[in-house]
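Visitor: Sharing a sequence plus its predicted fold:
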Amino acid sequence: MTDWNDRVAAVWADEGLDDAERVRLIDELAAERDEDDGRALFERAGARDSAGLEAEAEPLYRAALEAGLDDELRTQAVIQLASTIRNLGELDEALDLLRAEYERDPGAPLRDAAAAFYALALVSSGEAVRAASVALTALAPHLPRYTRSVAAYARDLIDPQD
């Protein structure tokens with residue numbers, strides 16, 4: 001029998017599936033695990049989120065986080081939950097979640113992803129300049145040149161030197 005994680009990955013990779021079929025297949029795989037398995041709950045949430053069923057995804061993300069996830073999946077779940085609730089109109093909570101995730105660990109593998117979604121939420125809240133600062137700060141280390149300059153300009157956007 002193929003590893004559960006491999007079978008989940010295969011469902012996500014299958015571009016021939018429609019949203020309803022993907023949700024059904026992920027639910028079947030999740031049913032193989034305990035009802036309170038964080039990873040299974042996370043996959044169920046993600047399938048619904050991907051299908052545009054944000055209201056169904058939200059409680060599953062919350063349950064997955066409560067059940068416990070490894071650090072990388074926990075970060076993904078926080079980002080995806082925050083994006084979902086932003087789409088559902090819960091902007092303040094989304095901002096709080098994303099700000100905390102962005103500030104949690106500067107060396108985290110998904111920090112740039114947290115920055116991207118934090119910037120999107122900031123734009124939604126009317127804080128476009130702060131959003132640009134967050135996005136440029138995340139981008140700066142990846143530039144082949146001008147890293148220090150872009151990082152300094154990003155800081156100056158929110159804390160201008162007179």
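Guide: Everything's here; your move.
Visitor: can we go C-alpha only for contacts and neighbour counts from here?
Guide: Fine.
Visitor: Please give me every residue in contact with the closest residue to residue 30 other than its chain neighbours.
Guide: Spatial nearest neighbour of residue 30, excluding adjacent residues (C-alpha to C-alpha, 6 or more residues apart in numbering): residue 40 at 4.7 Å. Residue 40 makes contact with 29-31, 33, 64, according to C-alpha atoms under 8 Å, 6 or more residues apart in numbering.
Visitor: Residue 40: which element?
Guide: helix 38-50 (DSSP states H and E).
Visitor: how close does the residue nearest to residue 30 sit to residue 67?
Guide: 10 Å (C-alpha to C-alpha, to the nearest Å).
Visitor: Over to residue 49?
Guide: When residue 49 is compared with residue 67 (using C-alpha to C-alpha), they lie 19 Å apart.
Visitor: what do you get for residue 87?
Guide: As judged by C-alpha to C-alpha, residue 87 and residue 67 stand 24 Å apart.
Visitor: residue ranges for the helices of this protein, please.
Guide: 4-13, 19-30, 38-50, 54-67, 71-87, 91-104, 111-124, 128-139, 147-158 (DSSP state H).
Visitor: What residues does residue 65 make contact with?
Guide: Counted by C-alpha under 8 Å, 6+ apart, residue 65 has contacts 38, 74, 77-78.
Visitor: Let me know the pLDDT of it.
Guide: According to the per-residue confidence, residue 65 scores 98 in pLDDT.
Visitor: again with the one 4 residues further on
Guide: The per-residue pLDDT reported for residue 69 equals 96.
Visitor: okay, now the nearest residue to it once chain neighbours are set aside: neighbour count?
Guide: Nearest non-adjacent residue to residue 69, counting by C-alpha to C-alpha, 6+ apart: residue 38, 5.7 Å away. The tally of other residues near residue 38 (other C-alpha atoms under 10 Å) stands at 26.
Visitor: measure residue 114 to residue 102 for me?
Guide: 5 Å.
Visitor: could the contacts of residue 65 go into CSV alongside distance to residue 60?
Guide: As requested, the contacts of residue 65 are exported to CSV (distance: C-alpha to C-alpha, whole Å):
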residue, distance to residue 60
38, 9
74, 13
77, 10
78, 12
